[in-house]
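[1] here's a sequence, model it:
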Amino acid sequence: MTAWTGRFSERMAHVRASEIRELLKLLDQPDILSFAGGIPDPVLFPTERIAALYAEVLAEAGAQALQYSVSEGLPELRRWIAARMTADGTPCDEGNIVITAGSQQALDLIGKLFLGRGSTVMVERPTYMGALGAFNAYEPAYADLAGEVPAAARLAYVVPDFANPSGRTMPRRERERLLAHADAHDLVVIEDGAYRDLRFAGTAEPSLIALDVARSGGIENARTLYCGTFSKTLSPALRLGWVCAPRAVIDKLVLLKQGCDLHVSTINQMVAARVVAEGYEVHLERLRGHYRERASAMQTALARHMPMGVTWSKPQGGMFVWLQIPEGLDGAQLLEAALAEERVAFVPGAPFFAVGAEPNTLRLSYSLPSPAEIDEGVRRLGRLIEGRLAYAGSNAARAATGRA
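    Presented below is the predicted three-dimensional model:
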């Protein structure tokens, strides 16, 4: 039998399984109330429209739809994205856009382009663990975005709108301070805009790339690379994302993409281009209303069922609430008990920290459960946390009286 372990490259020592990918398997268990997977509610997919467009595209341009295409991506889809980025404050054209297989591939290509062994990525605490997974293969170090900038720092990675996992939105003043910091230390800023279109409350902040373009005089002078995706708004299975960046960066990403998958599915791009050309804003409003209802149900349930000492975020968009539970409790241990005793799933918070993990944290997603399921799941989780706190308090009391 071939011994494979010693044959793998050294970089594989830095590649680890995604805890979220493993937790998604729980969704196949019908008795689990899951707040784990931050995935879109399938009732929101424009299924009938997409089905009709596949038939339409095949009938009208079947040979082209099933053929190889350019690595940069379908020109009409890139033009639409460029127009949308322009309307959102980032004047650009299709030459500033490359289509990727979701924003996850964008992060991988960016890591490959900028990172070498020992390069440092500045990240928030907590941060998106999928980004860590994309960067880890290139053997970087990580540092807290709020701390000192190491000499080896190359990138700053942020999710400024409704962050995964925290649900936090970065205020404008903080965005401007980050860009000034990046200028001072010559950092490339990666703006992950996966949830930007899912604002259901409050006032929109300008994107980092829009602020950067305004201060630098144009996209070709900017240091921010914007990663967008249709996975949260149309369908994850289309595997369509994009990078908006200076042409010098786009050109290099295209070269890397040619060594990776040549191009994203032609027919998927053609269908998406037609989907977004008509009624996209109406579709987004439907999504926002849906997630507004679910987020409200989550906030109500948390206020009703969580014991004293538990705090949580109040997002204005996106799919996530971040909980901090009292010190002494561990999210991973709590998940094990939640599955066994209450049949509730969530994501422990520790894997979202590249540095300085806080185990007494967890992420809840409200994107899939109904309001009734949200209330019941939070009730069960609150009961479990309260029981663990009572048990810890009882042990502390026994220890204090010398009976432990």
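
[2] give me the contact list for stretch 287-300.
    Applying Cβ atoms under 8 Å, 6 or more residues apart in numbering, the contact partners of stretch 287-300 are 41, 43-44, 197-201, 233, 314-315, 317-319, 321, 364, 366-367, 369, 371, 374-375, 378. Glycine gets a C-beta too; all of them are placed from N, C-alpha and C.

[3] I meant to write stretch 329-341 there.
    Residues contacting stretch 329-341 (Cβ under 8 Å, 6+ apart): 26, 32, 325, 344-350, 359-362, 380-381, 384-385, 388-389, 392.

[4] 10 Å instead, please
    Stretch 329-341 is contacted from outside by 19, 23, 26, 29, 32-36, 309-310, 323-325, 344-352, 357-363, 377, 380-381, 383-385, 387-389, 392, using Cβ atoms under 10 Å, 6 or more residues apart in numbering.

[5] narrow those residues to those in strands?
    33-34, 323-324, 344-345, 347-348, 361-363 (DSSP state E).

[6] so what's the residue nearest to residue 245 when sequence neighbours are not counted up against?
    Spatial nearest neighbour of residue 245, excluding adjacent residues (Cβ to Cβ, 6 or more residues apart in numbering): residue 225 at 4.3 Å. By Cβ under 10 Å, 6+ apart, the residues touching residue 225 are 106-107, 110, 113-114, 155, 157, 188-192, 208-209, 212, 243-246, 249-250, 253.

[7] try it again with 8 Å
    110, 188-191, 209, 243-245, 249.

[8] mind telling me what element it is part of?
    strand 224-229 (DSSP states H and E).

[9] partner strands of that strand, parallel or antiparallel?
    With DSSP bridges as the test, strand 224-229 is paired with strand 188-192 (parallel), strand 241-244 (antiparallel).

[10] and of those strands, who's closest to residue 71?
    strand 241-244 (12.5 Å; Cβ to Cβ).

[11] which outside residues touch the closest one?
    73, 78, 81-82, 85, 90, 92, 96-106, 109-110, 209, 219, 225-231, 249-250, 253.

[12] where along the chain do the strands fall?
    With DSSP E as the criterion, the chain has strands spanning 33-34, 97-100, 120-123, 141-144, 153-158, 188-192, 224-229, 241-244, 311-312, 320-324, 344-345, 347-348, 361-365.

[13] adding mean pLDDT and distance to residue 166, write those out as a markdown table.
    Formatted as a markdown table, the strands of the chain follow (pLDDT from 0 to 100; distance: least, Cβ to Cβ, whole Å):
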| stretch | mean pLDDT | distance to residue 166 |
| --- | --- | --- |
| strand 33-34 | 94 | 19 |
| strand 97-100 | 98 | 25 |
| strand 120-123 | 98 | 12 |
| strand 141-144 | 96 | 14 |
| strand 153-158 | 97 | 11 |
| strand 188-192 | 98 | 13 |
| strand 224-229 | 98 | 18 |
| strand 241-244 | 98 | 21 |
| strand 311-312 | 98 | 10 |
| strand 320-324 | 98 | 4 |
| strand 344-345 | 95 | 19 |
| strand 347-348 | 94 | 12 |
| strand 361-365 | 97 | 8 |
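
[14] can you redo these as TSV with distance to residue 282?
    TSV is the format used below for these (distance: least, Cβ to Cβ, whole Å):
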stretch	distance to residue 282
strand 33-34	29
strand 97-100	24
strand 120-123	36
strand 141-144	41
strand 153-158	30
strand 188-192	26
strand 224-229	19
strand 241-244	22
strand 311-312	32
strand 320-324	25
strand 344-345	33
strand 347-348	32
strand 361-365	25
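
[15] looking at those strands, which is closest to residue 62?
    From the strands of the chain, taking Cβ to Cβ, the stretch that ends up closest is strand 97-100, at 20.6 Å.

[16] direction included, what does that closest one pair against?
    With DSSP bridges as the test, strand 97-100 pairs up with strand 241-244 (antiparallel).

[17] got the CA coordinates for the strand it pairs with in PDB?
    In PDB, the C-alpha atoms belonging to strand 241-244 read as follows (Å, rounded to 0.1, in the frame of the first residue of the first chain):
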ATOM      1  CA  GLY A 241     -18.200  35.700  -8.000                       C
ATOM      2  CA  TRP A 242     -15.900  38.500  -9.100                       C
ATOM      3  CA  VAL A 243     -12.900  40.700  -8.300                       C
ATOM      4  CA  CYS A 244     -13.000  44.400  -9.000                       C
END
